[in-house]
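J.: What follows is a predicted protein model with its sequence.
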Amino acid sequence: MAITQGHAIVCCDRNRRGGLKRIFLMEQGGLGAVAYAAAGSGPGSDAAGGEFNSFVSSTWYEFEFDRETAGFTANATRENGSTLVTVELDFYIPKVTEEINGRLRELTESCGLYALVETFADDCDAVAPETYFFILGYDKVFEKKAFLEFSSGEQTTGVALQDANGTQVKLAGVHAEYPREALVVISAANVDPANAGQIDLFQAVTGVTNAWSSN
């Protein structure tokens, strides 16, 4: 791939927000068809192209977390002519309970994960601002082999009354490229709205931790 254009920093870029708003996780075996968008399809009608516009799932599960504790990093290194990008997703689940530890045991035993994450940053459209979504654990080079795995879970009850009580979770994987954006619209309906050119994320069964599907 050759350099095709430069990059301009606009006012919207300077007025950005950090952190993640929502995290959805899916096991590797639940993935169906994957497709990419043509140029000009993303938020703000950008000209980038290459975003995911189809990422068919059987089941996504939403994992809620404490405010201002979730984010991902993508650190690239180059050696012998090849670039690897180490991707890590961090979030903090408050309180130590058997229900939470049951979900953590499932994460530790999972066989490869994909993450769909929504950032707080948006395209600054004054009429209908769109937030940015990214897929972690899948790329155009490694495809399914870029999956995330449970990396660590640091759990503590604390010792004082106002100490932290919960678990810091980290999922990690290796891409051959930086994470790609996903063109996602979250539907409040319990059926697939079947919009063309985007990923429709919808719940077949209501409830924040229940199964979501994407087309």
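T.: Arrived safely. Remember, predicted model here, so these are calculated numbers, not experimental data.

J.: C-alpha from now on. contacts and neighbour counts both.
T.: Noted.

J.: is it true that residue 23 touches residue 115?
T.: Yes. Using C-alpha atoms under 8 Å, residue 23 makes contact with residue 115 at a distance of 6.8 Å.

J.: Tell me which residues of the lengthiest helix in the chain come out buried.
T.: In the chain, assigned by DSSP state H, the helix with the most residues is helix 98-109. Using 16 or more other C-alpha atoms under 10 Å as the test for burial, helix 98-109 gives 104, 107.

J.: Residues contacting it, please?
T.: By C-alpha atoms under 8 Å, 6 or more residues apart in numbering, the surrounding residues in contact with helix 98-109 are 149-150.

J.: For the following helix or strand past that helix, which helices and strands make contact with it?
T.: Remark: after helix 98-109, the chain's next helix or strand is strand 113-122, criterion DSSP states H and E. Secondary-structure packing of strand 113-122 (3 or more C-alpha pairs under 8 Å, 6 or more residues apart in numbering; DSSP states H and E): strand 20-27, strand 131-136.

J.: Return the most buried member of those.
T.: Of these, the one with the most neighbours on average (mean count of other C-alpha atoms under 10 Å) is strand 131-136, at a mean of 22.

J.: and residue 116, bridged to which residues?
T.: Beta bridges link residue 116 to residue 24, residue 135, judged by DSSP bridges.

J.: can you pull the contacts of it?
T.: Contacts for residue 116 (C-alpha under 8 Å, 6+ apart) come out as 23-25, 133-136.

J.: ok, those vs residue 62, which is closest?
T.: Closest approach to residue 62 among the contacts of residue 116 (C-alpha to C-alpha): residue 24, at 4.3 Å.

J.: Tell me if I'm right that that closest one and residue 133 touch.
T.: No. Using C-alpha under 8 Å, residue 24 makes no contact with residue 133, being 10.7 Å away.

J.: Mind listing the shared neighbours of those two?
T.: 116-117.

J.: Show me the helices in the protein, by range?
T.: Assigned by DSSP H, the helices in the chain fall at 11-14, 98-109.

J.: residues in contact with stretch 119-133?
T.: With C-alpha under 8 Å, 6+ apart as the test, stretch 119-133 has contacts from 12, 16-22, 43-44, 116-118, 181-184.

J.: Give me the buried positions along that stretch.
T.: Quick answer for stretch 119-133 (16+ other C-alpha under 10 Å): 119, 121-124, 130-133.

J.: Noted, bye for now.
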